[in-house]
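K.L.:
Kindly return the folded structure for what I paste below:
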Amino acid sequence: MKKIRKKPRSTAKLIALDDFLKGEGKRDEFEAIAIKEVLAWQIAEAMKANNLSRSALAARMKTSRSQIGRLLDPKDGNVTLSTLQRAARIVGRSLRLELV
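P.N.:
All right, here's what the predicted structure looks like:
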């Protein structure tokens, strides 16, 4: 039986994900989602480190548990800077924003 050799794939026609998303007009949307995912993860990790439940965080922030659910939901991008700042402060962190 003769062995069939596969040809290596060429990467000449491939483009970077950023370039693809930009071409599709979706880069800003995906970047915003990625930022929210990172922030939600960081707050959740700080909550674990401080042994703080969602209910306890909600009580300290004087807000509802459902608001905390939205804050920690990486897909829900409708969270105000004020809410992020309060949550960060309560879990012992600070929120830093910058334009680059």
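K.L.:
okay, CA-based contacts and neighbour counts for the rest of this
P.N.:
OK.
K.L.:
Would you map the strands across the chain?
P.N.:
Shown for the chain, no strands are assigned by DSSP state E.
K.L.:
got the buried residues for the longest helix seen in it?
P.N.:
The longest helix of the chain (DSSP state H) is helix 27-49. If you call a residue buried by 16 or more other CA atoms under 10 Å, then helix 27-49 has these buried ones: Arg27, Ile33, Lys36, Glu37, Leu39, Ala40, Gln42, Ile43, Ala44, Ala46, Met47.
K.L.:
By mean pLDDT, flag the weakest helix or strand of the chain.
P.N.:
Within the chain, no helix or strand scores below helix 17-24, which has a mean of 81 by mean pLDDT, DSSP states H and E.
K.L.:
what does it rub up against?
P.N.:
Arg27, Asp28 (CA atoms under 8 Å, 6 or more residues apart in numbering).
K.L.:
if we go to 6 Å?
P.N.:
With CA atoms under 6 Å, 6 or more residues apart in numbering as the contact definition, helix 17-24 has outside contacts at Arg27.
K.L.:
Please apply the same query to stretch 67-86.
P.N.:
Contacts of stretch 67-86 (CA under 6 Å, 6+ apart): Lys36, Glu37, Ala40, Leu95.
K.L.:
one more time with 10 Å, if that's ok
P.N.:
Stretch 67-86 has contacts (CA atoms under 10 Å, 6 or more residues apart in numbering) with 32-44, 54-58, 60-61, 63, 65-66, 87-89, 92-97.
K.L.:
now do stretch 42-55
P.N.:
Counting by CA under 10 Å, 6+ apart, 36, 38-41, 56-61, 63-69, 71-72, 84, 87-88, 90-93 sit against stretch 42-55.
K.L.:
Below-threshold pLDDT in the protein: ranges please.
P.N.:
Flagging of the chain using pLDDT under 70 yields the residue ranges 1.
K.L.:
Quick check, central residue of it?
P.N.:
For the chain, the residue nearest the mean C-alpha position is Glu37 (1.3 Å; CA atoms, centre = their mean).
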